[in-house]
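Visitor: This is the structure alone, sequence omitted:
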């Protein structure tokens, strides 16, 4: 019998699943485990399973790999569950971007807060409660859910408070920002230490040390401003650093959509973003990226399968948290990372009920969060605006309360800076109607919303947003790749 | 020797001082006290003293009335101190309105938060700390400061946390809204009971009963919408009631400037306000009103002096809190009201350090706040946005930290919805320079601000705002009064 | 249909029921209500009902009086429920006193904490959860439970946290102590104001004012020491006042059994108590008193019935809280009292989860607790020792965890000062076995306890306690009454 | 210039100083530092300095060693300060044991709480505030105080809240208990992991794992009961383990004096203790031990000097926290330990203001405490009784409030189980008078105490305690050592 079982929900995100599993199999103690893959897309799942099995075979491991579209079966006896789903897939995602644009809300990613992120949360939480029910009922007692699915905070909030499952939310934003800071400073990442705290996607580098010496605000600003790439790609982040005194974890595109100041005037958006990669602020950038990669089984599958055939000894374990957490919990080797958990009293100036991202040390006893952090006032104010939106969004998702959902969207910083209440009310109606199939909790409210939309009170705008790029075909992408060589981010894929 | 001494700072606000004193002298036990008046304007102070002495004389009271421009002398031995000042007077106030307008920020009152209110707080806190020092040093030990000065929350916050003086903030907003609700419902105010909670100027009627029966949201909306006057004057309040489910204490004009949604598009402001009285949303409405009344000693003094000659038995005591609090503290007769105090744990979902306005009962032992209130989510979210602004503003006022002051203004909901960070930074510089004489804590930072303004980064707009009325001369006002008969609100006057 | 329904559980406590009902019927607005009486003793219930009906008839009221031994029926539609039961009656109560005595624990009342009170709580909570279930299911939604049953704190704790019923605990200790203080000072009670705070039976007069002037510790000590009666009867209370600086609500006998210092040496107990009334410290005093009065239907019934025939206009309403709370809730007339509720943040230096007794104001909106009390350190330390015992006791009562029950008794201040752990373990076993019929939650654990008792580890002592009086017959009591004239306290009766 | 400076106050504790310094010098990065030794005893200090210098010389290190009796000079520029003092020395310590014995209080160590520990705290805090003043004024800004001096909790509480110095309290109790548990289980310490939490000297092993497998209560009991040595020496600890379900950090003798149950009956004390080593419960055991070793410069000095001549490469670094903390702070190598800090919100069911001992991870950013621990109820109740005593003791020590000091002693669990209030009051008077020279804060109160002692109210007892051993001469000790070979504990020495 395997020593322990790990289940990945939404395993069809091929690149991410391959990375997670490869990392785990690099841990000596984890050879003899079961990895169970599940996804609602049987075709994708099969291909991912091929890749994972090849890794196991080539390296002669005793690991058991199973795959099934029956989620509950995959969860039976699991000690660890990783959630990587994207509910509604590309279809709902496209509406998360398209409909808000009609009301002037120009999002880059739309998966955290803002109109798109809030609706995404409504879809996700509905599914999350189902996952949690299965975990409570058939997984190993005390199983740990590692949630990678966005909107991270809302999903984790729902799982902990309403799903009754021990959950930690995980993201690579802190590591990416850490890496970037080291590059800006021109020093090896290993020589730098950081404390990062806040809420997911709005976590702040509160303390940065190079070989123990604290890096000042001015030093950091100078480093970023003289960096040839970051100074172009990270304008919002650098501007916020100058105003607040602290660098944010979040990519330029993401950060710009959480704040009321940078994307509200379409004519000025291009001053703040860069379109050389989707993440730096492009309108619907992540939607374009995932759309282009929806046919990964044509483009990337051969490459992944090929890679899977190489011995693990040549694979460099990533700094993705999951494998490190599992290693610490099972072996007691201490791991320090930044984790998404319920605040309690960790961050003194954020509410106790919210989901924070803050430093912790993992050992055999669990994820030990470091107590006693106070965020600088401006960062706390910014985070608390999002927390209020998240709290209303989660409650609305749980109860199916349309009024509360609209209040949540109304209080979103960027939406609130752009729209009037009438516009918000109509926009949410439109999104609810468009995504009704993934929103069972609002079933009773949809007819009235439809009725209201027959006589719309506010005019909408037809445009593509201030910084829209065209979705490329597979061929166009191949050409581009051939030219550029070295695609940077395989990220998470969209479930179809 | 008088039984106790009451000192009024800023007593030159003639109408308000007369009201406060008349209320107090209606309490039988308070005949034999000393009332000490102080103001920096000797002329106004003399006239106010004439009025108050006349009341005492005509009614044959044993009350001692003293007046002096030496504040510290007026405070000697005082058990109660009432603060009614307006630091910077009309001159600074005009800049609180004028400069933000250049950056698109169109305020109605500008004395709470928003750019004007924040700068007003910087001026006031500087003075407040001086008052507190005097009170600590020369007033009766344990003296109570009743603060009426705006920005109420910031002033009270500074007095409690930095002034070391027992302080309660007082406002008539809750009573005015209560009265209005009763009128809308068409029932006597005495038959209605309310719980109102939140922060000053954003307090929410959480529970309304008519003879014990709870009034529903829908009933309240219907009452306001069918009311011929309120439905015209209170459009923002009614809209917020419909969105949030709760009516706000604050007048239409005030409320519209605390939220990001109603005043950000100049072309739509007129849809939400009424210009028949300054308080319903007029651009710089309160500035116009106070400017017109700056020569009250010409227009109103004879009227006040005449009224002062009437016996107190014909005077109807108002529902202004001050006299009722004093009566409860001195006699033990319980008084229920809504008071501004440090939150502690009273409102569960606002931070412990903020200044809330919430129900309390006053008896001999003090102001007993009612424990255990949870604000509905949308009202809490709205309040917490203001609290964050207030916290940064107070800290900036205490420390003279320009960066923090700018962060405060940047996070203001209406400013944040209208301006970019660059605009905020320049606007604050401009306000600091214009009001430097009242901002000693920023003395060191003014030269650099002046320097920056020599090369302004952003363009500004010259306009009067979306709903500006002309300031009338004394003659024009007399004519208007003659026509209208019955000016409604004498409010607080401006110190010159 | 009656305007509202009030149900009294344990109505067979004739004197108390008559007092409660008479008080209520003195409120004009309450004439037209239903009073439903229930008790498990049909005979007592009948006689009580006769008395109540006679009051209604004689005064020509429209009040409906019903009575039934079927509790659930009595609770149907009730808006207010008063709980006056004593689970286990005299039989279990006798064991609460007798068994601890074998282990050296000499209790006076034994109904709060200490070995007797903890076991009493185990019996009561088991019943309380049944009452709460009925209330949730058949009473008016939002019904309020007014709990008079001891152990007050534990019963209220269980009802609030585990019964899911809105509950307030009520006691007359604060009023009695207040009355006594006024007498000691030689002034009318009406001229004195008090703040009393802590936990039930260990509430402390934190502030005492006579016509507004604060009474000092030394003044209070002097007043009690020179009082001819109190100086003899209240030795423990006065000693604690001298040590701690604050007077306790609790009677001498009660207080002596909550503390480790006054009853641990049998040879010294008589130095601290008085046996002229049971409440001043007599061993098993309240047990003797209730045993003597168990045949009240012989002795007191004729007297009560006679009194019931007098017009209510001659009846002076008492200061028992219940009728005043109901009046405030239904009419909005504010009532200030001291109430037992969950702490939350009211008392800053007691745990949030405990049941405190502290000042509150009742109005239409409920029982409004006064926020922000800090107990002096010694009183807080004393209360917190009891709170720890109560928390363990309640948890044990809910879960039937014998080990936790023993830990609770072990941590009791008086038990802990007298017994060894071995003695505590055996004493609890003995009590569990003796009272098994009222302790369904421990059913599974009783056999093992019996088994352990077959080979007792510790020796026990056969004695009557240090200050035991003989139980008198009805005749002896009549003789004594004839001599003394004016029995002071009819208190609560025991349910058979 | 040395990289950093470490100052040891009370460096005359030769064995402990030698251990601390040797541990530190084992860290490669710490070769080039300054170690400053200070003590009020110049003779001892000289000898200790000889030893430390020899270590440096023999190993050819660049370390600077300075020594001075002028504390302030030793603290100049220090980054780390270690406090190892014992205020009052053997003389005061003897009274800490002798006087309580007269009132029946039989202590083993008397340095934590109980009558001796509380008075010890009064002496220590007075000195601690002086140390803190020096540190604030002349040490490196942000210097860290590592406090080893007892009473640990009170000293650390005073330093943090009243001394204004960043402080961590350190003890080896957790490691010693951990080692003992591993021995009892018969497994290597390295294979076991523990979570220990509570307050210093009453910390509880909440979770024990052997290679990840959780050890159950029953398993642990069995392990201790079958262990030939522990079953004899640790009777109190094992009994508490059986009652509470958790093993305590504290030695048998110590634990027995914090609880009301084991030392209150003199005739039963011998059932619970062992006299083979002082720490297992002997009356005044630690006093005897330190008295015997007061002439260490005769007995141990040659041995220490000899040891100091051996190369550090042969020295095995101990698990004393200090060197590991310094290493982690300076190099970023993570260290997990159990530290004494202000609770804040770390332990949910102890007060926020108390000093807890709980797990933390040290890295460059400081001592990161693990958030979110809830103590089992019985352990929390036991700890909270001590916390109440500590809070009153610290406040009394700071303010010199005799009444509060007596309340503290009255609430001590063991004192409260043994004494009456009259006895406590007299005992404290006697201790204050005897130790007046070390208690400047009580100077004004001493004369009245002396006056009261002229007419003592209570009789005292002359005895040696229930388990007293004779103090041995140097010769007797040499003989015993020769026989036994291998003295176990050199511990901390007493300052003369």
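Guide: Received the coordinates, thanks. All values derive from a computational prediction rather than experimental measurement.
Visitor: drop to CA atoms for contacts and neighbour counts, all remaining ones
Guide: Fine.
Visitor: What is the least confident helix or strand in chain A?
Guide: Sorted by mean pLDDT, DSSP states H and E, the helices and strands of chain A end with helix A:296-299, the least confident at a mean of 75.
Visitor: ok, and what's touching that one?
Guide: A:44, A:47, A:474 (Cα atoms under 8 Å, 6 or more residues apart in numbering or on different chains).
Visitor: before we move on, what about stretch A:206-217?
Guide: Contacts of stretch A:206-217 (Cα under 8 Å, 6+ apart): A:191-197, A:241-242, A:245-247, A:375, D:330-332, D:364.
Visitor: count of neighbours near residue A:428?
Guide: 24 (other Cα atoms under 10 Å in any protein chain shown).
Visitor: Quick check: the residue lying closest to it once chain neighbours are set aside vs chain D, distance?
Guide: The shortest distance from residue A:428 to any non-neighbouring residue, by Cα to Cα, 6 or more residues apart in numbering or on different chains, is to residue A:406 (6.5 Å). Going from residue A:406 to chain D by Cα to the nearest Cα, to the nearest Å gives 34 Å.
Visitor: for residue A:233, same thing?
Guide: 30 Å.
Visitor: likewise residue A:298?
Guide: Counting by Cα to the nearest Cα - residue A:298 and chain D are separated by 45 Å.
Visitor: That residue and residue A:41: what is the separation?
Guide: With distances taken as Cα to Cα, to the nearest Å, residue A:298 is found 16 Å from residue A:41.
Visitor: Between these two, tell me which one has more neighbours.
Guide: Applying other Cα under 10 Å to residue A:298 and residue A:41 shows that residue A:41 carries more neighbours, namely 15 against 11.
Visitor: Surely that one touches residue A:12?
Guide: Yes - applying Cα atoms under 8 Å, one finds residue A:41 in contact with residue A:12, separated by 7.1 Å.
Visitor: Looks to me like residue A:362 is in a helix.
Guide: No - assessed with DSSP: H, G, I helix; E, B strand; the rest coil, residue A:362 is strand; it does not lie in a helix.
Visitor: Spatially, what comes nearest to it if we skip its sequence neighbours?
Guide: Nearest non-adjacent residue to residue A:362 (Cα to Cα, 6+ apart): residue A:335, at 5.1 Å.
Visitor: Then residue A:245?
Guide: residue A:217 (5.8 Å).
Visitor: What is the neighbour count of the one you found?
Guide: Residues near residue A:217, counting by other Cα under 10 Å: 17.
Visitor: Helices of the stretch 301-450 of chain A, residue ranges please.
Guide: A:301-308, A:321-331, A:377-399, A:402-411, A:413-418, A:421-434, A:446-454 (DSSP state H, counting those that start in this stretch).
Visitor: Of these, flag the one that's most buried.
Guide: helix A:413-418 (a mean of 27; mean count of other Cα atoms under 10 Å in any protein chain shown).
Visitor: is any part of that helix close to chain B?
Guide: Yes - Helix A:413-418 comes into contact with chain B (Cα under 8 Å from any Cα of the partner chain), by way of A:416, A:417, A:418.
Visitor: Centre of the chain to that helix, how far?
Guide: 22 Å (Cα atoms, centre = their mean, to the nearest Å).
Visitor: got the contact list for that helix?
Guide: Residues contacting helix A:413-418 (Cα under 8 Å, 6+ apart): A:104-105, A:114-115, A:257-261, A:263-264, A:385-386, A:409-410, A:424, B:260-261, B:416-418.
Visitor: for residue A:50, what are its contacts?
Guide: Residue A:50 touches residue A:305, counting by Cα under 8 Å, 6+ apart.
Visitor: and it, that one's in a helix?
Guide: Yes - according to three-state DSSP, residue A:50 belongs to a helix.
Visitor: Please, where are all the strands along chain A?
Guide: A:5-9, A:34-38, A:64-68, A:80-83, A:144-147, A:166-169, A:192-199, A:202-210, A:213-214, A:335-342, A:355-363, A:366-369 (DSSP state E).
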